[in-house]
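S.K.: Sequence plus predicted model, see below.
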Number of protein chains: 2
Amino acid sequence: MEPVQYQSVEKMPATIHNVAQTAGVGVGTVSRVINNRPGVKQATREKVLAAIQQLHYRPDPIARSMISKRTNSLGIIVPFFTRPFFMEVLRGVEAVSAQLGHELVLYNVETHAQRDRYFSGLPIHRKVDGLLIVSLPPDDSISRRFSDSGMPIVLVDAYSPLITSLVVNNVEGAYKAVRCLIGYGHRRIGFINGEIEGNFRFNQANDRLIGLHRALGEAGLLFEPELVCISEWNRNGGKLAALHLLSQPNRPTAIFAASDMQAVGVLEAAKELGISVPEHLSVIGFDGIEVSELLELSTVQQPMREMGEVAATKLVELIENYPQAPELIRFDTQLVERHTTGPIAVTL
Amino acid sequence: MEPVQYQSVEKMPATIHNVAQTAGVGVGTVSRVINNRPGVKQATREKVLAAIQQLHYRPDPIARSMISKRTNSLGIIVPFFTRPFFMEVLRGVEAVSAQLGHELVLYNVETHAQRDRYFSGLPIHRKVDGLLIVSLPPDDSISRRFSDSGMPIVLVDAYSPLITSLVVNNVEGAYKAVRCLIGYGHRRIGFINGEIEGNFRFNQANDRLIGLHRALGEAGLLFEPELVCISEWNRNGGKLAALHLLSQPNRPTAIFAASDMQAVGVLEAAKELGISVPEHLSVIGFDGIEVSELLELSTVQQPMREMGEVAATKLVELIENYPQAPELIRFDTQLVERHTTGPIAVTL
DNA sequence: TTGTACGCGTTATCAA
DNA sequence: TTGATAACGCGTACAA
């Protein structure tokens, strides 16, 4: 014996039909009122409005999307929790998307597999009006598929010639960092790079390596491969790499890390090894996240939040007016010296 | 003269009808195949699958939602970027929601006005299947509206008797912190609380105040109102409050802050004032975010990520089986002593 | 100025 | 095992 289900007095949410009925008009009129379009007599409009109030009617966004082909929401694919960097750009994105009346759907990718699933399946199909992809450089074939997909896409901190891209001047940023170090008299400079993802030709990590080369070359210094490591983009990665670098016989007197979190790891390694910073080791990071400030870490500051804002703005622009020629937007970095960089205390 | 629009060979995405047609079957059959339901002859199934491949058909989630009344996504309302705490719970939420195949829609509230807009309008109507609300205690009337709204809701770090709520044991956490301080011999203990939002009777900030009282009372210490401040839940708030506390004539020898970020502000204030920690001032925070580790800050650790995971799990459970009696889930905190707490160096 | 009827892409029902 | 058809709730021609 099933328990009887009391369907309490039709608790289904009101539809446009109900409104039309109680207002004594046709659905078309109600629709016109909702989207306040002209061509409705004031008296009728008020009748309808009253009915809406009375029934607590709210138009169903799903049904609306069905017609308009718009979901009014933006998707953002982020290797989310791997770097605080992303949180900062997310801030900017959120601010703008909220202001522009769009919802924000989060897609996290932690693994390569996840990333490929998003990239190849484009499972977001129809769920969002446009897509922001952060720090995940698509390779050429993926890029082409993206630009053919009909989905407005903006790349942040990644570049593809086929897609509107926002990038920081990574080579210049790295150059600044290394030149700062050289300026203090450092000659053996370690470089802890992040893992390289996707397209090697246009890549944050690769660009920073180029910046290193340039600064080194300009100063007449030799590039020494044993002084560069690749590590995960996080604290532990940085620490491990630094431990390696700093236990070499002729250890570097300065380390440039490709992200602040890696630099924090370097600091930890130095502490563990009893190497004092900046007296015996200079450290400089990249990003300019809040912890760099708290730890007095010198760093190359990226305009993270601004990038997020511009990205969101560009994306809705692109949605409103699709397609458009891809655009490349560059941002500059700023060297922020704090207390982890300085001259070498002990020379010969 | 408008430029001619070349509508390249019907680029509209394929529908279920197209698939049915090219497979030479009816739409019903295609639907059965898509949702791989039984009752389809293997041969037919393969024909359909082939047509799907050929046309690159992907079912439209919007149209699906139209019928199923499900969007397959969870909403999360967060006073977002004001505290790293939220990032941590977000991590947990994201992990579970992704695993369970739900999308995550972010609603940020920075201002009271925004919060009220979400709370009263419930603008999320039909856009998400359920709602996670973090650290925003709804008052009684709002709670009632929520529980009447038919929207599955889970409160995180907030409590309402009408809604499933996840809370940490704030009074016990605060008690532990203060007792630790007392154990070191501190007698004048400053307390920097966070701003109180919403319902005063069930409130994180208020609970922490109660914990303070209890520890004080137990040790036979007097509660001194001039030793408690309220500040914003961030670094600057903490700093300002600490500056105030520490410039009193008979300044506290220890400060308990209601969040780690506020505690970081206290550290900054102490540094600025030339007060060394922990020799002349003990500091303890609340949360256990990553910076507390980096800064060696003693703190009361909350299981943030776990809370996020449980919250998401509970929410989809609630969605699958609605309605259910509200549940109260409690989490315990853990005192983590690092290097900002210790005995008073100078007594009389 | 207003009402009617159709279509959006899918699932569900029911008859074949 | 299958195919036709009615919903779902809304916008929008088009007719009145």
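M.R.: Received the coordinates, thanks.
S.K.: Go through the lowest-mean-pLDDT helix or strand in chain A and flag the buried ones.
M.R.: Across the helices and strands of chain A, mean confidence by mean pLDDT, DSSP states H and E is lowest for helix A:112-121: a mean of 77. Buried residues in helix A:112-121, counted by 16 or more other C-beta atoms under 10 Å in any protein chain shown: A:115, A:118-119. Backbone N, C-alpha and C define where each C-beta goes, glycine included.
S.K.: how much distance is there from that helix to the middle of the chain?
M.R.: Distance, stretch centre to chain centre, for helix A:112-121: 17 Å (C-alpha atoms, centre = their mean, to the nearest Å).
S.K.: moving C-terminal of that helix, what's the next helix or strand?
M.R.: Sequence-wise, the next helix or strand downstream of helix A:112-121 (DSSP states H and E) is strand A:130-134.
S.K.: about what we covered before: between the buried residues of helix A:112-121, which sits nearest DNA strand D?
M.R.: Here the nearest of the buried residues of helix A:112-121 to DNA strand D, counting by C-beta to the nearest atom of the strand, is residue A:118; it sits at 28.0 Å.
S.K.: In contact with that closest one, which residues?
M.R.: A:77, A:107, A:109, A:124 (C-beta atoms under 8 Å, 6 or more residues apart in numbering or on different chains).
S.K.: can I get those in JSON lines with pLDDT, neighbour count and distance to chain B?
M.R.: Output for those, formatted as JSON lines (pLDDT from 0 to 100; neighbours: other C-beta atoms under 10 Å in any protein chain shown; distance: C-beta to the nearest C-beta, whole Å):
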{"residue": "A:77", "pLDDT": "93", "neighbour count": "23", "distance to chain B": "12"}
{"residue": "A:107", "pLDDT": "92", "neighbour count": "24", "distance to chain B": "8"}
{"residue": "A:109", "pLDDT": "88", "neighbour count": "22", "distance to chain B": "9"}
{"residue": "A:124", "pLDDT": "74", "neighbour count": "21", "distance to chain B": "9"}
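S.K.: Now render the residues you listed as TSV, adding distance to residue A:173.
M.R.: TSV is the format used below for the contacts of residue A:118 (distance: C-beta to C-beta, whole Å):
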residue	distance to residue A:173
A:77	24
A:107	27
A:109	24
A:124	31
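S.K.: Which of those residues fall in strands?
M.R.: The members of the contacts of residue A:118 that map onto strands under DSSP state E are A:77, A:107.
S.K.: Right, and DNA strand C sits closest to which residue of the stretch 151-300 of chain A?
M.R.: Closest point on the stretch 151-300 of chain A to DNA strand C, by C-beta to the nearest atom of the strand, is residue A:151, at 15.7 Å.
S.K.: so where do the helices sit in the stretch 51-200 of chain A?
M.R.: For the stretch 51-200 of chain A, the helices defined by DSSP state H, counting those that start in this stretch cover A:61-68, A:84-99, A:112-121, A:140-148, A:170-183.
S.K.: in the last one, what's buried?
M.R.: Same thing as helix A:170-183. Going by neighbour count (16+ other C-beta under 10 Å), the buried part of helix A:170-183 is A:170-182.
S.K.: bridging residues for the nearest residue to residue A:302 once chain neighbours are set aside?
M.R.: Nearest residue to residue A:302, sequence neighbours excluded (C-beta to C-beta, 6 or more residues apart in numbering or on different chains): residue A:168, at 5.0 Å. For residue A:168, the beta-bridge partners are residue A:331 (DSSP bridges).
S.K.: What residues are bridge-paired with the nearest residue to the residue of the stretch 151-300 of chain A closest to DNA strand C once chain neighbours are set aside?
M.R.: Once flanking residues are discounted, residue A:151 sits nearest to residue A:131: 5.8 Å by C-beta to C-beta, 6+ apart. Per DSSP bridges, the residues bridged to residue A:131 are residue A:75, residue A:153.
S.K.: circling back: which of the helices of the stretch 51-200 of chain A sits closest to DNA strand D?
M.R.: helix A:61-68 (3.4 Å).
S.K.: Contacts only, for the residue sitting nearest the centre point of chain A.
M.R.: By C-alpha atoms, centre = their mean, chain A has its centre lying nearest to residue A:134, at 3.8 Å. Listed by C-beta under 8 Å, 6+ apart, the contact partners of residue A:134 are A:76-79, A:86, A:89, A:156-158.
S.K.: near DNA strand D, which residues of the stretch 51-200 of chain A?
M.R.: Selection of the stretch 51-200 of chain A residues close to DNA strand D by C-beta under 7 Å from any atom of the strand yields A:57, A:59-60, A:63-64, A:66-68.
S.K.: One more pass at 10 Å, please.
M.R.: A:57-68 (C-beta under 10 Å from any atom of the strand).
S.K.: From those residues, pick the one nearest residue B:206.
M.R.: residue A:58 (34.6 Å; C-beta to C-beta).
S.K.: how many other residues sit next to that closest one?
M.R.: By other C-beta atoms under 10 Å in any protein chain shown, 15 other residues sit near residue A:58.
S.K.: OK, contacts around it?
M.R.: A:13, B:125-126.
S.K.: which of those tops the neighbour count?
M.R.: When neighbours are taken as other C-beta under 10 Å, the top entry among these is residue B:126 (19 neighbours).
S.K.: what residues are up against that one?
M.R.: A:58, A:60-62, B:71.
S.K.: Can you check which of the helices of the stretch 51-200 of chain A gets nearest to DNA strand C?
M.R.: Here helix A:61-68 is closest among the helices of the stretch 51-200 of chain A (C-beta to the nearest atom of the strand), at 4.0 Å.
S.K.: List the contacts of that closest one.
M.R.: A:71-72, B:62-63, B:65-66, B:71, B:125-127.
S.K.: residue contacts, the residue nearest to residue A:302?
M.R.: Going by C-beta under 8 Å, 6+ apart, residue A:168 touches A:157, A:302-303, A:307, A:330-333.
S.K.: So which bits of the stretch 201-348 of chain A are right by chain B?
M.R.: A:264, A:290-291, A:294-295 (C-beta under 8 Å from any C-beta of the partner chain).
S.K.: which two from the residues you listed end up farthest apart in space?
M.R.: Longest distance between any two of these is 11.5 Å, between A:264 and A:290; criterion C-beta to C-beta.
S.K.: Neighbour count: those two, which is higher?
M.R.: Shown here are residue A:264 and residue A:290; by other C-beta under 10 Å, residue A:264 has more neighbours (26 against 17).
S.K.: That one looks like it's in a strand, true?
M.R.: No: going by DSSP: H, G, I helix; E, B strand; the rest coil, the assignment for residue A:264 is helix, not a strand.
S.K.: mind checking how far the nearest residue to it once chain neighbours are set aside is from residue A:287?
M.R.: Of all residues not flanking residue A:264 in the chain, residue A:235 sits nearest, at 5.2 Å (C-beta to C-beta, 6+ apart). From residue A:235 across to residue A:287, the span is 13 Å (C-beta to C-beta, to the nearest Å).
S.K.: Identify the contacts common to the two.
M.R.: Joint contacts of residue A:235 and residue A:287 (C-beta under 8 Å, 6+ apart) are residue A:261.
S.K.: wait, what's in contact with the closest residue to residue A:57 other than its chain neighbours?
M.R.: Using C-beta to C-beta, 6+ apart and skipping residues adjacent in sequence, the residue nearest residue A:57 is residue A:14, 4.3 Å away. The contact partners of residue A:14, taken as C-beta under 8 Å, 6+ apart, are A:55-57.
S.K.: Tabulate those (a markdown table), appending pLDDT, neighbour count and distance to residue A:324.
M.R.: Shown next, in a markdown table, are the contacts of residue A:14 (pLDDT from 0 to 100; neighbours: other C-beta atoms under 10 Å in any protein chain shown; distance: C-beta to C-beta, whole Å):
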| residue | pLDDT | neighbour count | distance to residue A:324 |
| --- | --- | --- | --- |
| A:55 | 94 | 16 | 42 |
| A:56 | 92 | 8 | 41 |
| A:57 | 93 | 19 | 38 |
